[in-house]
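**Student:** output the structure for:
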Amino acid sequence: MVDPNESTNLPLLNGARVVIVIGPFDLGGAERQALLLARYLAREQNARVEMWGMRKPGRVSDLCDKYGIPWRVAPIPLDWHPSRPKQLARLLKFAWALRSAKADVILPFMFYQSVACALVWRLAGARAFVWNQRCEGRDRLGPAAEKLAVRLTPYFIANSVHGSQFLNQKLGAPPDRIRVVYNGVEPAPAERDRAAWRAELGVTDDCFLACMVANLQLFKDHATLLRAWRIVVDRLKEMGRQAVLLLAGRFDHTHERLKVLAYDLDLGRTVRFLGGVSDVSGLLSAVDLGVHSSINEGCPNGVLECMAAGLAVVGTDYAGIREAVGPAGFPFLAEPKNPEALAEQILRLALDPELRRKAGETNRRRITAEFSPYGMYQNVMSVIGEAMGGARSGEHISSSRLVLGERHQSSEQ
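**Tutor:** Below is the predicted model of the structure:
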């Protein structure tokens with residue numbers, strides 16, 4: 001047992017049990033960030049990390065196995081029940097699971113997960129809990145649950161400024177308890193190079209390839225992108241050029257209707273529905289332009305991945321993408337839900353390779369400066385330290401020294 005009065009060089013979370021709570025084990029931007037953080041906490045902080053998800057194993061649990069991170073299917077009460085007694089019973093079951101796991105630190109990702117954890121973390125006996133807001137505020141619950149959850153939360157993280165504004169202005173979270181922590185981007189090594197990917201796609205080296213990395217969900221607004229792509233294909237065809245749009249993302253609830261729309265637009269082989277892609281780095285090495293047509297979300301990971309790959313990015317002009325690309329990328333943004341404006345920006349970069357190259361280099365530098373994994377890790381650790389009452393690096397919280405009475409203390413000061 002470590003003497004808490006003795007100065008040590010042990011990591012802040014050395015030996016602590018950290019539970020990271022996601023939703024389904026499907027892989028998306030938030031889940032990628034959760035995996036990055038879990039690896040850091042386990043390897044660099046020597047924490048005992050578990051990833052908790054719901055329903056059934058998926059791509060995230062596969063990656064947990066690859067990285068040596070324990071995971072479990074847990075009774076996370078995300079499907080909010082309209083009956084208060086039944087929802088209370090589900091929350092109590094979740095609290096008991098966390099308490100049985102002896103969680104010291106609870107780190108949820110996304111809104112519903114944060115609300116559920118906020119309502120039970122003290123009952124679960126945890127030492128620290130941090131709300132993690134990954135979207136711009138499209139998800140909501142009833143005001144009673146939201147108000148109580150906010151009141152019980154010691155600190156909040158948002159991955160964008162407009163996410164922090166939602167927490168403050170819509171949920172009433174105190175601004176002095178909100179911290180903006182940008183996503184960390186760590187591209188995996190490419191499995192295949194540009195030539196191999198283009199050969200698999202059946203396109204020549206001079207074919208103009210654009211790619212949107214995003215799961216097929218309604219708020220991503222792939223429909224506007226498909227309508228814009230019809231314009232792009234027609235214009236480039238007049239100049240004797242070929243163009244192909246790649247949609248790399250899990251087939252979610254808009255999948256079928258998007259394929260119908262692509263058929264109605266007679267896009268044929270000029271658009272490819274790739275589904276989830278494990279070799280995103282390799283795919284992006286074969287691409288000429290990143291595109292992103294979302295109409296609302298936090299800081300989109302798909303945009304950041306394209307920027308890290310050195311690609312210029314055309315996107316919709318809303319707060320999340322503006323925050324990702326920064327002022328240098330503003331000129332390449334188009335009005336949301338406007339296919340003509342989006343097509344114009346795509347064509348502008350398709351026809352100017354030098355402008356595209358310079359914009360890509362600027363994007364890569366921005367990722368290094370603003371969205372490094374190391375910066376994300378340090379900022380999250382700073383918030384966890386605050387949530388634990390100002391603990392310093394020499395004051396780690398190994399579970400071995402958290403007696404029952406300490407575990408019930410509030411982390412609010």
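**Student:** neighbours of residue 63, just the number please.
**Tutor:** 20 (other CB atoms under 10 Å). The C-beta positions use only the backbone N, C-alpha and C, and glycine is treated the same way.
**Student:** how much space separates it from residue 300?
**Tutor:** Counting by CB to CB, to the nearest Å, the gap from residue 63 to residue 300 is 20 Å.
**Student:** just the C-alphas of the host helix or strand of residue 32, formatted as CSV.
**Tutor:** Per DSSP states H and E, residue 32 falls inside helix 29-43. Only the C-alpha atoms of helix 29-43 are listed here, as CSV (Å, rounded to 0.1, in the frame of the first residue of the first chain):
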residue,chain,number,x,y,z
GLY,A,29,-15.6,8.7,-34.2
ALA,A,30,-16.5,8.8,-30.4
GLU,A,31,-15.5,5.1,-30.1
ARG,A,32,-12.2,5.7,-31.8
GLN,A,33,-11.4,8.4,-29.2
ALA,A,34,-12.5,6.1,-26.4
LEU,A,35,-10.1,3.5,-27.7
LEU,A,36,-7.2,5.9,-28.0
LEU,A,37,-7.8,7.1,-24.4
ALA,A,38,-8.2,3.6,-23.1
ARG,A,39,-4.8,2.6,-24.6
TYR,A,40,-3.1,5.6,-23.1
LEU,A,41,-4.6,5.1,-19.6
ALA,A,42,-3.6,1.4,-19.6
ARG,A,43,-0.1,1.8,-21.0
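**Student:** in its sheet, what does the following helix or strand past it sit against?
**Tutor:** Toward the C-terminus, helix 29-43 is succeeded by strand 48-54 as the next helix or strand (DSSP H and E). Here strand 48-54 has these sheet partners by DSSP bridges: strand 17-24 (parallel), strand 71-73 (parallel).
**Student:** residue 329 is nearest to which of the ones you listed?
**Tutor:** Closest to residue 329 of the strands paired with strand 48-54 is strand 17-24 (CB to CB; 29.2 Å).
**Student:** taking helix 29-43 as reference, get the angle to that closest one.
**Tutor:** Orientation check (axes from the mean of the first three to the mean of the last three CA atoms, to 10 degrees): strand 17-24 against helix 29-43 gives 160 degrees.
**Student:** residues contacting strand 17-24, please?
**Tutor:** 30-31, 34, 37-38, 41, 47-56, 58, 60, 74, 76, 78, 98, 101-110, 112-113, 116-117, 399 (CB atoms under 8 Å, 6 or more residues apart in numbering).
**Student:** list buried residues within those.
**Tutor:** Neighbour-count burial (16 or more other CB atoms under 10 Å) is assigned, among the contacts of strand 17-24, to 30-31, 34, 37-38, 41, 47-54, 60, 74, 76, 78, 98, 101-110, 112-113, 116-117, 399.
**Student:** which positions in stretch 88-103 come out as buried?
**Tutor:** Within stretch 88-103, the residues scored as buried using 16+ other CB under 10 Å are 90-91, 94-95, 97-98, 101-103.
**Student:** need those in JSON lines (columns: secondary structure and distance to residue 347).
**Tutor:** Below are these laid out as JSON lines (DSSP: H, G, I helix; E, B strand; the rest coil; distance: CB to CB, whole Å):
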{"residue": "90", "secondary structure": "helix", "distance to residue 347": "51"}
{"residue": "91", "secondary structure": "helix", "distance to residue 347": "52"}
{"residue": "94", "secondary structure": "helix", "distance to residue 347": "51"}
{"residue": "95", "secondary structure": "helix", "distance to residue 347": "55"}
{"residue": "97", "secondary structure": "helix", "distance to residue 347": "53"}
{"residue": "98", "secondary structure": "helix", "distance to residue 347": "52"}
{"residue": "101", "secondary structure": "coil", "distance to residue 347": "54"}
{"residue": "102", "secondary structure": "coil", "distance to residue 347": "57"}
{"residue": "103", "secondary structure": "coil", "distance to residue 347": "52"}
